[in-house]
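Asks: Sequence and predicted structure below; questions after.
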Amino acid sequence: MLARFLTAFSLGTLTTLAGGFWFKAAAELDPVLLSQNVQVIEVSGQGEDSVTADQAEVTLVFLTGDLDELFAELMELYEDAVNEGQISTVLGSVNQALEDMEPITEAHLAPVVTALEELGIDSADIEIDLEHDVWAAGPVSNIPGAAIVFSLDAPNEDMLTELSDTVDAAVLNEDELFLVERRAFYTTNRCDELETLAYIDAVDDAQDRATVIADALGAALDGVPSVAQLTSDYYYYEASCAADGSVPSGYGGYDLLEAQEFDPPEISLTRSLRVTSPIR
């Protein structure tokens, strides 16, 4: 990050800063420093830290037909109708084709449930949703499927790899059961710890930037800087800690039409600060 910042920071830019324009603008943003009539350097600092997830909510989604084959067939039907100017007719045909798919039942999912129980997951913790639609794209959406959902405590990569292998083996010889999504939603209860480390990293990042600029100007940082949390006008969305101290991550292991492997069970948190440092 710092290397990219320095590459974009040209000598001409530094000369402009030395002329006082930057210092004046920065001081106007900090009334305390303005009242002291001091020159300052203002930079933004971005910090990030990561921890291993404490929990994972796993979702496995299934269909009774191969999604790749179904999608290809319906898209061909759709494209032919578009070329013939019969779009309204084909949409009805697509919807009818989806309705004609064999509904998935608990009996279809039984081999997977049995395999999960043999892996050590309590049957009481396994939820089955027989009305879990699969989103695809274009005219093909809301494909009727089913999901198996359960939670894992203290997930690690070995555990998730073994889970993937177990599910793949369970559906390998099933002619009417296809795994189409494999994802995990990770959470941690250590958000306060994670946020503290991210702020420390943001301060260090800002100080590094300010030091480089000061050195280039033949100046030195002087005293304790002023620090402000960036508002939504200055930074992208940053995850917040929940009231119980948890913080969620995004889904891992999901992509359109592909039941990818799980992402590593890691959660990252970013924090951004505006740091204004007096110089001498």
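Replies: Good, I have the coordinates.

Asks: wait, what's in contact with A115?
Replies: Applying CB atoms under 8 Å, 6 or more residues apart in numbering to A115 gives the contacts T166, V167, A169, A170. All C-beta spots, glycine's among them, are computed from the backbone N, C-alpha and C.

Asks: Go through this protein and flag its longest helix.
Replies: helix 191-216 (DSSP state H).

Asks: if I look at I148, how far off is V82?
Replies: I148 sits 37 Å away from V82, going by CB to CB, to the nearest Å.

Asks: just E69 next, same as before
Replies: Distance, E69 to V82, using CB to CB: 21 Å.

Asks: So for I148 and V82, which residue has more residues nearby?
Replies: Shown here are I148 and V82; by other CB atoms under 10 Å, I148 has more neighbours (21 against 12).

Asks: That one contacts D125, correct?
Replies: No - with contacts counted by CB atoms under 8 Å, I148 stays clear of D125, the gap being 10.9 Å.

Asks: Check the burial of L63 by counting its neighbours.
Replies: Neighbour count of L63, defined by other CB under 10 Å: 23.

Asks: contacting residues for it?
Replies: L63 makes contact with L70, M101, I104, V134, I143, P144, G145, F178, V180, according to CB under 8 Å, 6+ apart.

Asks: and Q39, how many neighbours?
Replies: Q39 is flanked by 17 other residues according to other CB under 10 Å.

Asks: Quick check: it touching P278?
Replies: Yes - using CB under 8 Å, Q39 is in contact with P278, at 7.2 Å.

Asks: Could I get the contacting residues of the residue lying closest to D54 once chain neighbours are set aside?
Replies: Excluding its sequence neighbours, the residue lying closest to D54 (CB to CB, 6 or more residues apart in numbering) is T188, at 4.7 Å. Applying CB under 8 Å, 6+ apart to T188 gives the contacts V51, T52, A53, D54, Q55, L194, S246, V247, I267.

Asks: and T188, how far is that from Q46?
Replies: For T188, the distance to Q46 - CB to CB - is 21 Å.

Asks: All the helices of the chain, residue numbers only.
Replies: 2-8, 11-18, 21-28, 31-35, 67-83, 87-99, 106-119, 157-171, 191-216.

Asks: what mean pLDDT does the first one have?
Replies: Spelled out, it's helix 2-8. For helix 2-8, the per-residue pLDDT values average out at 38.

Asks: Next, give phi and psi for the residue lying closest to L160 once chain neighbours are set aside.
Replies: Take L160 and drop its neighbours on the chain: the residue closest to it by CB to CB, 6+ apart is F262, 4.3 Å away. Backbone torsions for F262, taken as degrees, to the nearest 10, come to phi -70, psi 140.

Asks: which ones are touching N156?
Replies: Listed by CB under 8 Å, 6+ apart, the contact set of N156 reads T52, P265.
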